[in-house]
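Undergrad: Pasting a predicted model and its sequence here:
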Amino acid sequence: MRINISQKKVRDQFVAKVEELSGQKILACYQCGKCSAGCPAVSEMDILPNQVIRYIQLGLKDELLKSNSYWVCASCLTCNARCPKGIKIAEVMEGVRQILLRKRKDRIHIPKLTDKQKEEVPQIALISSFRKYTS
Amino acid sequence: MKISYYPGCTLKANAKNFEDSALCSLKQLGLEVEELRRWNCCGTVYSLATDDLIHHIAPIRNLIFSKEAKSEALMTLCAMCYNTLKRANERIKKSRDDRDIINRFMDAEGLAYEGDVKVLHLLELLRDEIKFENVAKKVVKPLKNLKVASYYGCLLVRPKEIGLDDVENPRVLENLMTALGADPVDFPYKTECCASYQTVDNPGIVAERTYRILTSAQRAGADVVSVSCPLCAFNLDNRQKETVNLYSDFKKMPILYFTQLLGIALGCPEEALRFDLHGVDPKPALKQKGLL
């Protein structure tokens, strides 16, 4: 896949918005890959957590938003505990989710859940899912 | 120290076995806690965004209720409640601006909250106030020969500032199991995420995680896995149905709340242990060890 990078993309407000919502300095990441090495969810992600950070560093907004990785992240915070630069990767993932959720681009649509889906799980699962996946 | 008890939503329904066994155990230990007269949802997940103050209203409101009840501490059993309440509390303590905004939003409560109620997990109460050696003295039925793998999940230990034990290698549950006469077994997946709320729309991920976590515990020789979060409990217990379909070599295993094991050891009656609420019946494994 050919990816074009440009100053315009790097300086795009998307990068600034992720930094603002997450409170993290994206350029602090030196791509060691520790976050991806310890992430229990990588087998379900189409790009790795360190690649999520790299895409944001390069302003590759469209490429990043096409991936499922920031939705698969369940904020277990293992990456945060291990990052040698003290970057809170889970907060970065939350920032990306929030950018979409604040435009009403929800991950799940509650009316579309089946009765079986709603009945079999405990309340704690439904509420946390709605909090993470809906606006 | 006056301690209020905050159950949270799931302990009143799917996880009644967690609540009943914990309350019976506390009674056996001579400590009674009073449930908050008014309480609401804890918020379940702490918002990680810098500006999302509305998501911290629910936990702070519960802390206001504790303050109204003149309690110095609020005790929870659920790992998610513990994490959300404690993180919101720490945020209020650190940021005067956030505290003022949240207090202004809830001015109808008639009490400005300063972050001074302590959020405690039952495990902290047992370890630091009652102390495990005193718990051991009250044991009437030691959990002899029962090999217990303790699963912490995420929210009891992360983030580091909030966690109740070491972030990478917590020992508190193992130490409690030793005090109860059980044989704790260590396994490398004890702090690995169970995939949490993804159980709603993507149970396959959870079944996969369940396989990894439980086969690791089985390889370490565990008879049962003990947990302290109702969502971990549901995922590891009830999703085993799907795990069996994914992996033909998978053998089902019982999942218990640590409070159920505590309750057995302290002589709680079977009605308080509620083994009827499990996906995988834990009774055969417990009977085999002569514990029922």
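TA: Thanks, I have it.
Undergrad: Distance check, residue B:233 against chain A.
TA: Per CB to the nearest CB, to the nearest Å, residue B:233 is found 9 Å from chain A. No exception for glycine: its C-beta is placed from N, CA and C like everyone else's.
Undergrad: With adjacent residues omitted, what lies nearest to that residue?
TA: Take residue B:233 and drop its neighbours on the chain: the residue closest to it by CB to CB, 6 or more residues apart in numbering or on different chains is residue B:227, 4.8 Å away.
Undergrad: Tell me the pLDDT of that neighbour.
TA: For residue B:227, the pLDDT comes out at 98.
Undergrad: What residues does the closest residue to residue B:44 other than its chain neighbours make contact with?
TA: With sequence-adjacent residues excluded and distances taken as CB to CB, 6+ apart, residue B:44 is closest to residue A:128, at 4.2 Å. Residues in contact with residue A:128 (CB atoms under 8 Å, 6 or more residues apart in numbering or on different chains) are B:44-45, B:80, B:196-197, B:231.
Undergrad: hang on, residue A:128 in a helix?
TA: Yes - judged by DSSP: H, G, I helix; E, B strand; the rest coil, residue A:128 forms part of a helix.
Undergrad: Distance check, it against residue B:73.
TA: 25 Å (CB to CB, to the nearest Å).
Undergrad: again with residue A:106
TA: Taking CB to CB as the measure, residue A:106 falls 37 Å from residue B:73.
Undergrad: Using the record's assignment, carve chain A into domains.
TA: Using automatic domain parsing, the domain ranges for chain A come out as A:7-103, A:108-135.
Undergrad: CSV for those, including distance to residue B:269 and mean pLDDT?
TA: Below are those laid out as CSV (distance: least, CB to CB, whole Å; pLDDT from 0 to 100):
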stretch, distance to residue B:269, mean pLDDT
domain A:7-103, 37, 97
domain A:108-135, 25, 96
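Undergrad: With distance to residue B:13 added, can I get those in JSON lines?
TA: Output for the domains of chain A, formatted as JSON lines (distance: least, CB to CB, whole Å):
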{"stretch": "domain A:7-103", "distance to residue B:13": "22"}
{"stretch": "domain A:108-135", "distance to residue B:13": "6"}
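Undergrad: Determine which stretch of the ones you listed is the most buried.
TA: Using mean count of other CB atoms under 10 Å in any protein chain shown, the stretch among the domains of chain A with the largest mean neighbour count is domain A:7-103, at a mean of 18.
Undergrad: can you map out the helices along the stretch 1-150 of chain B?
TA: Using DSSP state H, counting those that start in this stretch, the helices found in the stretch 1-150 of chain B span residues B:16-28, B:57-68, B:79-94, B:96-105, B:122-124, B:132-137.
Undergrad: Relative to chain A, tell me which of these wins on proximity.
TA: helix B:79-94 (6.1 Å; CB to the nearest CB).
Undergrad: how many degrees apart are that closest one and helix B:57-68 in direction?
TA: If you take axes from the mean of the first three to the mean of the last three CA atoms, to 10 degrees, helix B:79-94 sits at 80 degrees to helix B:57-68.
Undergrad: What is helix B:79-94 packed up against?
TA: helix B:57-68, strand B:73-76, helix B:96-105, strand B:118-121, helix B:230-238 (3 or more CB pairs under 8 Å, 6 or more residues apart in numbering or on different chains; DSSP states H and E).
Undergrad: Can you give the contact residues for it?
TA: Against helix B:79-94 from outside (CB under 8 Å, 6+ apart): A:124, A:128, B:6, B:8, B:42-46, B:56, B:59-60, B:62-63, B:74, B:76, B:98-99, B:102, B:113-115, B:117, B:119, B:121, B:153-156, B:159, B:161-162, B:164, B:228-232.
Undergrad: tilt between that helix and helix B:230-238?
TA: Counting by the same axes, to 10 degrees, helix B:79-94 lies at 160 degrees to helix B:230-238.
Undergrad: which parts of helix B:79-94 are buried?
TA: By 16 or more other CB atoms under 10 Å in any protein chain shown, the buried positions in helix B:79-94 come out as B:79-92.
Undergrad: roughly how far is that helix from the heart of the chain?
TA: Its chain's C-alpha centre and that of helix B:79-94 lie 15 Å apart, by CA atoms, centre = their mean, to the nearest Å.
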